[in-house]
Structures are given as C-alpha cells and as structure tokens.
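Colleague: quick one, what's the 3D model for this:
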Amino acid sequence: MKKSSKRIISAVIIFVILIAGGFILNRCNEKRASVNGSPSADIRDREEKLQLTPIIEKNSTPIKSTTAKFKTSEDIKLKYGKLEEVFLYNGKRYEGAVISINEFYTIVTVDGTFKIPMQQVKLRNIIR
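Modeller: As a prediction, this is how the structure comes out:
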C-alpha cells in the first residue's frame, strides 16, 4: 500500500472514532441529566406543574361530603378514634378528626369537612 492511501485510511478511522465517541458522550450526558436532574429539566418540570396545578384558595373551604354530619365531637371521636384541635395563623380554631395530611389538611368537624392548605396550619393538639 502506498503512503497516501494509508494516511487516508488512518484519517477515516480517526474520524469514525471521534464521531462514535461524540455519540457515546452525548448519551452519557443525557442519562446523567435524567438521573441527577439537569437544571433545564427541573425548570421544565416546574413549568409543567405550574400549568397543571389548579389555583389554590387561600381560605379553608368546606367540602360537600356524602358522609353523615356529626352532631357532637364525641360522635366524631367514636367514628375516627381521636380528636384534634387545629389552630391556624389567621386565628381560626377547628376541632375534629383529621382524615388526610398532604398539601391540604382535611379535617372533619361538627360543621362539616374542611380542606385547609398546610401553609395556614400553625399548631395541632391531639385530644385523647
């Protein structure tokens, strides 16, 4: 083989190796971004959550429930096993059984079921 053909073949082999290395590096970066979370992916996720999240009311709102309304706190205690006092930052106080604690604090009281955003809950006391 001539020197010129060897040089061309060597150049082609080096070029192929560089292209393959670029593809491998790109795939590794994509996998790392999906595992560790890249800033651009985090921003996209937050934007999607903002668009999909419904508007949250600032005040506690009663929920229309199909369950029977309770006449006394003792009825609630018999049904759910314990009572809690929930104090909010705005000064309101609820006494009843807490049925869920997520983004919202859902409490069943004598007046009905209330769904309160967690940011508004200041203190809770368990009444035995």
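Colleague: so what does the helix or strand hosting Ile13 touch, helix or strand wise?
Modeller: Assigned by DSSP states H and E, Ile13 belongs to helix 3-32. For helix 3-32, there is no helix or strand it packs on, judged by 3 or more CB pairs under 8 Å, 6 or more residues apart in numbering; DSSP states H and E. Bear in mind the C-beta positions are built from the backbone N, C-alpha and C, glycine included.
Colleague: how distant is that helix from the center of its chain?
Modeller: Helix 3-32 sits 43 Å away from the centroid of its parent chain (CA atoms, centre = their mean, to the nearest Å).
Colleague: what mean pLDDT does that helix get?
Modeller: Averaged across helix 3-32, the pLDDT comes to 86.
Colleague: quick check: buried residues in it?
Modeller: By neighbour count on 16 or more other CB atoms under 10 Å, the buried set for helix 3-32 is empty.
Colleague: use 2 as the first number for this chain going forward.
Modeller: Happy to do that; since the first residue is 2 now, the last one works out to helix 4-33.
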